[in-house]
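1. Fold the following for me, if possible:
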Amino acid sequence: MAAKISMGARREVMSAIAERHRSAERMEKGRILDELRAVTGRHREHAVRALAKSGGDVTLNRAIADAVNLLEIARRFTPWH
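-> The predicted structure is shown next:
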């Protein structure tokens, strides 16, 4: 098992690897996950989820948040609520 590293160091490693993981082919993604597992000491599934979180599309997330807010406002002004 890898030596314990700080949360800040883990975040730095994740952000450095996230872009490479997004643009990699399937076989290379597996190698990247193995590398990340060795460095951070986390399980593969944790690495997959963390990489998915770290690479979110900010524009899409903003659009979704705006749509949810609009729906919430519309719900408040419907006559049956």
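2. do you know how far Gln15 is from Leu36?
-> In this structure residue 15 is Ser, not Gln. Separation of Ser15 from Leu36 (Cβ to Cβ, to the nearest Å) stands at 12 Å. Just so you know, the C-beta spots here come from the backbone N, C-alpha and C atoms, and that holds for glycine as well.
3. So Leu71 versus Ala63, what's the distance?
-> In terms of Cβ to Cβ, Leu71 sits 13 Å off from Ala63.
4. And Thr78, by the same measure?
-> 23 Å.
5. Can you classify the most centrally placed residue in the chain as helix, strand or coil?
-> Compute the mean C-alpha point of the chain, and by Cα atoms, centre = their mean the closest residue is Lys53, 1.0 Å away. Judged by DSSP: H, G, I helix; E, B strand; the rest coil, the three-state class of Lys53 is helix.
6. Only the buried residues of the strand or helix carrying Val39, if you could.
-> Here Val39 is covered by helix 26-40, with elements defined by DSSP states H and E. Applying a neighbour-count criterion of 16 or more other Cβ atoms under 10 Å, one finds 29, 32-33, 36-37, 39-40 buried in helix 26-40.
7. Now do that helix: which elements does it pack against?
-> helix 7-23, helix 44-54 (3 or more Cβ pairs under 8 Å, 6 or more residues apart in numbering; DSSP states H and E).
8. Let me know the pLDDT of Leu60.
-> Looking at Leu60, its pLDDT is 56.
9. Could you do the one 10 residues further on as well?
-> Looking at Leu70, its pLDDT stands at 84.
10. Now do the contacts for it.
-> By Cβ atoms under 8 Å, 6 or more residues apart in numbering, the contact set of Leu70 is empty.
11. quick one on the thing from earlier: output the helices and strands packed on helix 26-40 as TSV; include the columns distance to Ala67 and mean pLDDT.
-> Listed next are those as TSV, based on distance: least, Cβ to Cβ, whole Å; pLDDT from 0 to 100:
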stretch	distance to Ala67	mean pLDDT
helix 7-23	24	82
helix 44-54	20	80
